[in-house]
Structures are given as C-alpha cells and as structure tokens.
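> Next comes the sequence, and after it the predicted model I'd like to discuss.
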Amino acid sequence: MKYRYRIAAVFCVIATLLGLTGCSNGKKQRSVTESASGAVVYDKGADFVGVIKTVNLKNSTVTFYNASFDEEESYSYSGATSVNSKYGRDMSMSEVEIGDVFDVYTSKDGRSIDGIKQSANIVETENVKVSVDSVQKRLTVQDMTYAYSDKMVIYSDGQMLSPMEITSNDEVTFRGVKGHAYSLVVTKGHGYIRPAKYNDFVGGTLTVQGEAILPVTKEMLLTVPEGTQTVTMVNGDMTGTATVEVKRNQVTDLDMSEFQLQVPDTSRVKFRIEPEGAELYVNGSLTDYSKPVSLKYGKHSVRVVLEGYNEYKGILTVKDPGPTIDINLQEEQAEVEEEDKKSSDSSVTNDTSGGANTSSADYDTDHKITVSAPSGAAVYINGTYKGEIPCSFTKMLGSITLTLTKDGYTTKSYSIEIPDDSQDISWSFPALKAKSAG
C-alpha cells in the first residue's frame, strides 16, 4: 500500500510541474506565463537579405532581389522606416544605391518594411574586372569564383543587364558573400569605334591604347572601354594614329584618312593583273593588290600565278611615288605606266624568285556558328564583320566579344566563351532596343 501512495505522490509532482490540475493539496497554484517580461528586449532577426533594384521616392516603394529566397519583391516604406549603414549611421532612402545589400526587416503584415541595414558580412570590391561563365553561371573576381542567379542585380547607366553583357573591358563594383554573387554595378563601361576610310591599312594591324592588337579587316566595329582611347593602324609604310573620346554604349565614327601618314622613300604601287583571280606574291609574300601596295624604292621580286595559266616571275624596280604595273598572264608581259598615263622609270623584268607565306587562326573549320536573331542586325566578332542576321560562319574557339548593331538601334555586346567541343553552335539574342528620338 505504501508503494501506491509513493507512486501517486510522484505523479502529482510531475503534474504540478507540467501545469496540470487534479493533484491540488489546497495551496494556490502559480499562473502560467503567457508573454515575456516587458523588461526583456528580444532582437528580431532580419527577414531576408535584399539587394536594391529600384527605389521610387515618389511612391515610397523599394524593390529588392531577395537573395535569401532568389525572388524579386517590392515593399512600401514610410518616414518611420529606419535606414542604417553597416556602421549604424542613420541614412535617408535617397542615399540608398542600386546594387547595395541590406538586411531587411518587414512589418507584421509583410507589406512594408520597418527598417533596413547594410549587411555587415558582404564582400564589396570596387573598380574590378569580371570574367563571366554564362554556362556554369559563375563569375570570377580577383581569382575568386562566385555562383550567381539569373535574378542577380546587374546595373549600368540606368538599365539592368544580363551577365553576358558584361565585357572584358568593363569595370564594376562587386558585392556578394563567400561563394555567391549578389550584384554588379558597372563603374566604367564600354563603347564602340567604327573606323572609316582606312582601305590602305587593310591587311595590317590595329592597336587600342597600345594593348589590343587586331588584324585590320574591311569592315570593323571595335568594342573598347569608355573614355579617351588612342587607335593606331599600321600597314607596311603606312601608319595612322588618332585619339577619340568614347562614350558608354555609343558608337564613335573615326575617319582614319585624316591621320594617314606615309614613310619617306616609299611608293604606292598599283597592280592591274589579268585574268581576275590571279595571286600576287611580292618578295615571296602573298599580297592583296585590290589597293595600292606600299613598297620601298628599289628592287622587289614579283610572282603571279593562277591555275591554268603560265606563271609569271619578274623583278620590279620602283623609282616613282605611284606607278601602275600591268601584268597579263596570257601574254606573259608587264607594262609600266604612271597613274596620269605619263612615262615612268619604274620597271619590271623577268626573274626566278618566288614563294608564299601562310597563316593560321584558332578555328574549328569542321563546324559553324549560326546566329538567327535579332534579324537584320550586323554581327561582329572581336571587331571583325561576320554578316547580317540570319548568318553562319566558321566556328572560332575561346573567349570572344560578339557585337550586334543596326541602324536606329542601340549597339549591344556579349562576352562568350566558345568550347572546343566539336559541335555546331546556334545563337539567338534578344531584340535590340530602338534609339529614342532626338
């Protein structure tokens, strides 16, 4: 019997501790605490980490990229909404910048924000260049790699961009945490240079600010950093250097004929060769004779070949500033005359010298790239014209800058990494934005 009483006593103790009734011994029971003491302050954590996308001061609304849940969300705010820097300084909403990262505290109904505070653990790096891998959705900043979402905030000059629109020329302010990118804000963007009247430089080389070296082709559109740029073209004895001011996302036309200079003691030799399609070799090098050829005064070996015709070989003696050389393979003869039809001392005689040089590029000649949109836009790869969309061309490999341009529309560039995967590639890009009137 005594064990029965002991069991009952233990049960009553447990029931009392749990706040149950039925084991009262006649004493007044303590009431259960329904809420925390008013003297204790509880710190409510942030509802999410948000990246500023827009702030509408007129309507008192703010839109965030919710990095915690990978969503875009909009909230209202009021004069009572607290805005603080990471160091606790009071800020106004007008000081908030697009791309900045805040800890966000929402109201109970979830429609407005009680306060925002700059996130203290965010990595922020200014004026850096970024490498974007749009396939893996990763970007590299100062040898550190970060994953990114398609909803990441990328901002430049009043508009949102896609990651592919960040080129190797751009400088940005990067914000993120370890392993994850939150925002890129372009601090120094890119523009475009369209050279004109530069036929004498075709086949030569071009440099921008002494760094970017490109072959000079018949149609070019250069993607370059905004600001003051120095462009130099060199082809044989011809050289031209110009300084231009490039504005972000705008095309600057550059007339290279104004800056063309010729080295003394050289001649501009014009070749007229029949039949059409014959190849000209000067001093053993295949030479484009669709334009005057720069040659120093003196003797030069000349060879002209075409399948089905007798090969011509000779020695060209250049004594005049601008002679015209006529070669007809069928007659195996050459005639020399000045451009003004007067006699000339320059001459060409038979010889036996010859030879040719060849060059190669980093291409996958077995596969092609096809661009299907936006229709009618011109396509440039690393500044070289490839055609008007829809178009196809030989697949090149590695990192490229693809530029789309069309009269009346804003020019757009994309940075793309092309793998050596033995596959054809098909691209379709968003429509270009029409330029505003005026």
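Looks like it arrived, so ask away. Keep in mind that this is a model prediction, so the values were computed, not measured.
> from memory Ser399 sits against Glu417, does it?
Yes. Using Cβ atoms under 8 Å, Ser399 is in contact with Glu417, at 5.5 Å. (Glycine included, C-beta is placed from N, CA and C.)
> Which one's more surrounded, these two?
Between Ser399 and Glu417, counting by other Cβ atoms under 10 Å, Glu417 is the more crowded of the two (14 against 11).
> Helix or strand: which one has the more buried one?
In the assignment (DSSP states H and E), Glu417 maps to strand 412-418.
> Contacts for the following helix or strand past that strand, please.
Using DSSP H and E, the next helix or strand after strand 412-418 towards the C-terminus is strand 425-428. Defining contact as Cβ atoms under 8 Å, 6 or more residues apart in numbering, one finds that strand 425-428 is touched by His367, Lys368, Ile369, Thr370, Val371, Ser372, Ala373, Lys395, Leu402, Ile418.
> tell me which of the residues you listed is nearest to Ser183?
Ser183 has its nearest neighbour among those in Leu402, at 24.3 Å by Cβ to Cβ.
> and the closest residue to that closest one other than its chain neighbours, how far is that from Thr401?
In space, and not counting its chain neighbours, Leu402 is closest to Tyr414: 4.9 Å by Cβ to Cβ, 6 or more residues apart in numbering. Separation of Tyr414 from Thr401 (Cβ to Cβ, to the nearest Å): 7 Å.
> Which one of these two is surrounded by more residues?
Of the pair Tyr414 and Thr401, Tyr414 is the one with more neighbours under other Cβ under 10 Å, namely 21 against 18.
> who touches the more buried one in this structure?
Taking Cβ under 8 Å, 6+ apart as the criterion, Tyr414 is in contact with Met164, Glu165, Thr167, Thr401, Leu402, Thr403, Leu404, Phe429.
> and His190, how many neighbours does it have?
Using other Cβ under 10 Å, the number of residues around His190 comes to 26.
> try Val135
When neighbours are counted by other Cβ under 10 Å, Val135 registers 9.
> Grab the CA positions of the helix or strand harbouring Thr232 and hand them over as CSV.
Per DSSP H and E: Thr232 is located in strand 227-235. This file holds the C-alpha atoms of strand 227-235, laid out as CSV (Å, rounded to 0.1, in the frame of the first residue of the first chain):
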residue,chain,number,x,y,z
GLY,A,227,36.8,57.3,-72.1
THR,A,228,39.8,58.6,-74.2
GLN,A,229,41.2,56.0,-76.5
THR,A,230,44.2,56.0,-78.8
VAL,A,231,43.8,54.0,-82.0
THR,A,232,46.8,53.2,-84.3
MET,A,233,46.7,51.4,-87.6
VAL,A,234,49.9,50.2,-89.3
ASN,A,235,50.3,48.5,-92.7
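> tell me which residues of that strand are tucked away?
Neighbour counts over strand 227-235 (16 or more other Cβ atoms under 10 Å) mark Gln229, Val231, Thr232, Met233, Asn235 as buried.
> Could you find the closest non-adjacent residue to the last one?
Put plainly, it is Asn235. Closest residue in space to Asn235, ignoring its immediate chain neighbours: Gly204 at 2.7 Å, by Cβ to Cβ, 6+ apart.
> residue contacts, the closest residue to Gly277 other than its chain neighbours?
With Cβ to Cβ, 6+ apart as the measure, Leu306 is the residue that lies nearest to Gly277, at 6.1 Å, once sequence neighbours are left out. Residues near Leu306 by Cβ under 8 Å, 6+ apart: Pro275, Gly277, Ala278, Glu279, Leu329.
> Check Tyr297 too.
When contacts are counted by Cβ under 8 Å, 6+ apart, Tyr297 touches Asp265, Thr266, Ser267, Val318, Lys319.
> Leaving out chain neighbours, which residue sits closest to the first one?
Read that as Asp265. What sits nearest to Asp265 in space, not counting adjacent residues and going by Cβ to Cβ, 6+ apart, is Tyr297, at 5.4 Å.
> Could you tell me how far the one you found is located from Leu161?
On the measure of Cβ to Cβ, Tyr297 and Leu161 end up 54 Å apart.
> Can you list the strands that the strand holding Glu417 pairs with?
strand 398-405 (antiparallel) (DSSP bridges).
> ok so, going back, same for the strand holding Thr232, what does it pack against?
With contacts defined as 3 or more Cβ pairs under 8 Å, 6 or more residues apart in numbering; DSSP states H and E, strand 227-235 has these neighbours: strand 190-196, strand 205-208, strand 238-246.
> Relative to the whole chain's centre, how far out is the first one?
Relative to the chain's own centre, strand 190-196 is displaced by 15 Å; criterion: Cα atoms, centre = their mean, to the nearest Å.
> now it against strand 412-418, angle please.
Angle, strand 190-196 to strand 412-418, by axes from the mean of the first three to the mean of the last three Cα atoms, to 10 degrees: 100 degrees.
> Flag the shaky bits of the stretch 151-300 of the chain, pLDDT-wise.
Screening the stretch 151-300 of the chain residue by residue with the criterion pLDDT under 70, one finds the ranges 262-264.
> Direction included, what does the strand holding Thr232 pair against?
Going by DSSP bridges, the partners of strand 227-235 are strand 205-208 (antiparallel), strand 238-246 (antiparallel).
> Give me the distance between the residue nearest the centre of the chain and Thr223.
In the chain, the centroid-proximal residue (Cα atoms, centre = their mean) is Thr167; its distance is 1.8 Å. Computed with Cβ to Cβ, the distance linking Thr167 and Thr223 is 6 Å.
> Quick check: nearest residue in space to the residue nearest to the centre of the chain, chain neighbours excluded?
Ser415 (4.9 Å).
> Verify the stated contact: the one you found with Asn169.
No. Assessed by Cβ under 8 Å, Ser415 is found out of contact with Asn169, at 9.1 Å.
> so where's the stretch 301-438 of the chain shaky on pLDDT?
In the predicted model of the stretch 301-438 of the chain, residues 330-361, 437-438 satisfy pLDDT under 70.
> Next, give phi and psi for Tyr155.
Per-residue torsions, Tyr155: phi -130, psi 140 (degrees, to the nearest 10).
> now do the one 10 residues further on
Backbone geometry at Glu165, expressed as degrees, to the nearest 10, gives phi -80, psi 0.
> Equivalent analysis for Lys433, please.
Lys433 adopts backbone torsions of phi -90, psi 130, taken as degrees, to the nearest 10.
> and it, what does it touch?
Applying Cβ under 8 Å, 6+ apart to Lys433 gives the contacts Tyr409, Thr410, Lys412.
> give me that answer again for 6 Å
Thr410 (Cβ atoms under 6 Å, 6 or more residues apart in numbering).
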